[in-house]
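Novice: When you get a sec, could you give me coordinates for this:
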Amino acid sequence: MIASKSLVHNLDVRRSRIVYRAWHRGIREMDLIFGQYVDAHIADFDNNQLDELEHTMSFEDRDLLSWMTGEVATPVDTNTAMFRAIVAYRAKMDFV
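Specialist: Take a look at the predicted model:
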């Protein structure tokens with residue numbers, strides 16, 4: 001499932017880029033986690049939140065997935081409010 005065309009057309013260039021990057025990460029699980037989270041919240045984020053989201057998305061998928069599942073402890077500098085919000089969102093997702 002990809003972001004709706006109407007969502008992308010109503011966003012500025014930066015937000016549109018983030019939506020695209022969220023749905024095209026490389027690992028399907030991360031596409032679903034980031035894509036759905038971004039679709040649900042991107043329109044409401046201010047510039048600081050967009051910065052934090054882009055920072056979170058800058059890490060490798062394998063590392064992010066390991067941190068999100070608790071397989072590996074999340075580094076202190078990565079364990080931001082944005083990261084925790086995405087982890088909480090992931091916990092509510094139904095992957096079936």
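
Novice: for this protein, which helix is longest?
Specialist: Using DSSP state H, we find that the single longest helix of the chain is helix 28-41.

Novice: How about whichever helix or strand comes after it, which residues are buried there?
Specialist: Where DSSP states H and E defines the elements, the next helix or strand beyond helix 28-41 is helix 47-57. Applying a neighbour-count criterion of 16 or more other CB atoms under 10 Å, one finds 50, 52-53, 56-57 buried in helix 47-57. C-beta coordinates here come from the backbone N, C-alpha and C atoms, glycine included.

Novice: re the thing from before, what about dumping the CA coordinates of the longest helix of the chain to PDB?
Specialist: What follows is helix 28-41, C-alpha atoms only, in PDB (Å, rounded to 0.1, in the frame of the first residue of the first chain):
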ATOM      1  CA  ARG A  28       9.500  -4.500   3.200                       C
ATOM      2  CA  GLU A  29       8.800  -4.500   7.000                       C
ATOM      3  CA  MET A  30      10.400  -1.000   7.200                       C
ATOM      4  CA  ASP A  31       8.400   0.200   4.200                       C
ATOM      5  CA  LEU A  32       5.200  -0.800   6.000                       C
ATOM      6  CA  ILE A  33       6.300   0.700   9.400                       C
ATOM      7  CA  PHE A  34       7.600   4.000   8.100                       C
ATOM      8  CA  GLY A  35       5.200   4.300   5.200                       C
ATOM      9  CA  GLN A  36       2.100   3.900   7.300                       C
ATOM     10  CA  TYR A  37       3.500   6.000  10.100                       C
ATOM     11  CA  VAL A  38       4.400   8.900   7.800                       C
ATOM     12  CA  ASP A  39       1.100   8.700   5.900                       C
ATOM     13  CA  ALA A  40      -0.700   9.100   9.200                       C
ATOM     14  CA  HIS A  41       1.400  11.900  10.600                       C
END
